[in-house]
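**Q** Fold the following for me, if possible:
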Amino acid sequence: MRETPIYYYSSSSGLVRTFAEHLQRPVFNLAEREVRTSEVDGPWVLLTPSYKSGNATNDTIPEAVKRFLRKPANRRAMVGVMGSGNRNFGRYYQQAARDIARASGRPILLEFELSGTPWDVAECRRIMADLDAALDRSEPPSEAV
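**A** Coordinates of the predicted model:
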């Protein structure tokens, strides 16, 4: 069974990277240019933080995430969104994940604060295992040669 990869963006704080690295599955950091400019080869999940400085005109979606999503193939293959946020952002908490989910029509699979808790990591592993199984069942059978 294919493990659905997670493409994530993590700033220099490393909070999202720490969470992603605990998931025990393929993860790719969109802060790296070669990842950000790549094209996916199958279904994938986005993990994005939200950033907000209190100015309502500031966008909460990291630029690296926007660049990755500019490729039509990447947008089409995205099957879900997860968000990391900071409750100090008030109404902008999880805004990036929610905006991307709304614009793409994809579900939010998980939201957590900062780098998450051990429960958040375990819940994400469970969600992703369920997603892998569902995607595996939906794959058309390969044709015999």
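
**Q** got the contact list for residue 83?
**A** 47, 48, 49, 50, 94, 96, 97, 98, 108, 110, 111, 112 (CB atoms under 8 Å, 6 or more residues apart in numbering). Where C-beta positions appear, they are placed from N, C-alpha and C, glycine not excepted.

**Q** burial count for the fourth one?
**A** The tally of other residues near residue 50 (other CB atoms under 10 Å) stands at 23.

**Q** ok, it to residue 116 distance?
**A** 14 Å (CB to CB, to the nearest Å).

**Q** Same question for residue 97.
**A** From residue 97 across to residue 116, the span is 13 Å (CB to CB).

**Q** Looking at those two, which is more packed in?
**A** The neighbour comparison of residue 97 against residue 116 (other CB under 10 Å) goes to residue 97, with 27 against 22.

**Q** So which residues of the chain form helices?
**A** Remark: helices assigned in the chain by DSSP state H are 15-21, 33-36, 63-69, 72-77, 95-104, 118-138.

**Q** Which residues does the longest one contact?
**A** So that's helix 118-138. Counting by CB under 8 Å, 6+ apart, 1-4, 6, 19, 22-25, 43, 45, 79-80, 82, 109-110, 112, 116 sit against helix 118-138.

**Q** now the strand ranked longest in the chain against helix 118-138, angle please.
**A** As assigned by DSSP state E, the longest strand anywhere in the chain is strand 78-85. For strand 78-85 against helix 118-138, the angle by axes from the mean of the first three to the mean of the last three CA atoms, to 10 degrees is 170 degrees.

**Q** now strand 78-85: how far from the chain's centre is it?
**A** In terms of CA atoms, centre = their mean, to the nearest Å, the centre of strand 78-85 is set 4 Å apart from its chain centre.
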